[in-house]
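> Have a look; sequence and predicted model below, questions after that.
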Amino acid sequence: MHDDLDVSSLSDRELRERIQWGAQESPAEAGPGLDLMRAELVRRLSAREAAAGDEPGGSDDPGGVREPARPMPPGGGAAIERPHTDAAA
């Protein structure tokens, strides 16, 4: 990678291609530029989300993680009761 590369002048596509190439190379060949390019791409994507007014993981975000619905216990909202067993039997 080039040490004098200005990552802000690259398009998103160019950044992604260079990141992919750098990830396939050895860490010595990729150098710290790979981390800089990843950080620049994340910064751009975060700025776009903020400008659009979207919050990552919001209720309308199909890629967000949501907590699954918990099943209701039989008989309503009370806690599920375990059957009592007689330990002496």
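Cool, the structure landed. Numbers count the residues shown, from 1 in each chain.
> make it CA atoms for all contacts and neighbour counts henceforth
Will do.
> Any idea which helix or strand in the protein has the lowest mean pLDDT?
Lowest mean confidence among the helices and strands of the chain (mean pLDDT, DSSP states H and E): helix 27-30, at a mean of 70.
> So for the next helix or strand after that helix, what gets flagged as buried?
Per DSSP states H and E, the first helix or strand lying C-terminal to helix 27-30 is helix 33-52. Going by neighbour count (16 or more other C-alpha atoms under 10 Å), the buried part of helix 33-52 is 33-34, 37, 40-41.
> and what of stretch 11-29?
Along stretch 11-29, these residues count as buried under the neighbour rule (16+ other C-alpha under 10 Å): 12, 15, 18-19, 22.
> pLDDT check: weakest of the residues you listed?
Across the buried residues of stretch 11-29, no position has a lower pLDDT than Gly22, which has 85.
> same for whichever helix or strand it is part of, what does it pack against?
If you go by DSSP H and E, Gly22 is part of helix 12-24. Using 3 or more C-alpha pairs under 8 Å, 6 or more residues apart in numbering; DSSP states H and E as the contact test, the elements touching helix 12-24 are helix 27-30, helix 33-52.
> between these, which one is nearest to Ser8?
Of all those, helix 33-52 sits nearest to Ser8, with 7.2 Å by C-alpha to C-alpha.
> Report the backbone C-alpha coordinates of that closest one in CSV.
This file holds the C-alpha atoms of helix 33-52, laid out as CSV (Å, rounded to 0.1, in the frame of the first residue of the first chain):
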residue,chain,number,x,y,z
GLY,A,33,-3.1,1.9,5.6
LEU,A,34,-5.6,-0.9,5.7
ASP,A,35,-6.9,0.3,9.1
LEU,A,36,-7.0,3.9,7.9
MET,A,37,-9.1,2.9,4.9
ARG,A,38,-11.5,0.9,7.0
ALA,A,39,-11.9,3.8,9.4
GLU,A,40,-12.5,6.2,6.5
LEU,A,41,-15.2,3.9,5.0
VAL,A,42,-16.9,3.5,8.4
ARG,A,43,-16.8,7.3,9.0
ARG,A,44,-18.5,7.9,5.6
LEU,A,45,-21.2,5.4,6.2
SER,A,46,-21.9,6.7,9.7
ALA,A,47,-22.1,10.3,8.4
ARG,A,48,-24.6,9.2,5.7
GLU,A,49,-26.8,7.5,8.3
ALA,A,50,-26.6,10.5,10.6
ALA,A,51,-27.5,12.8,7.7
ALA,A,52,-30.5,10.6,6.8
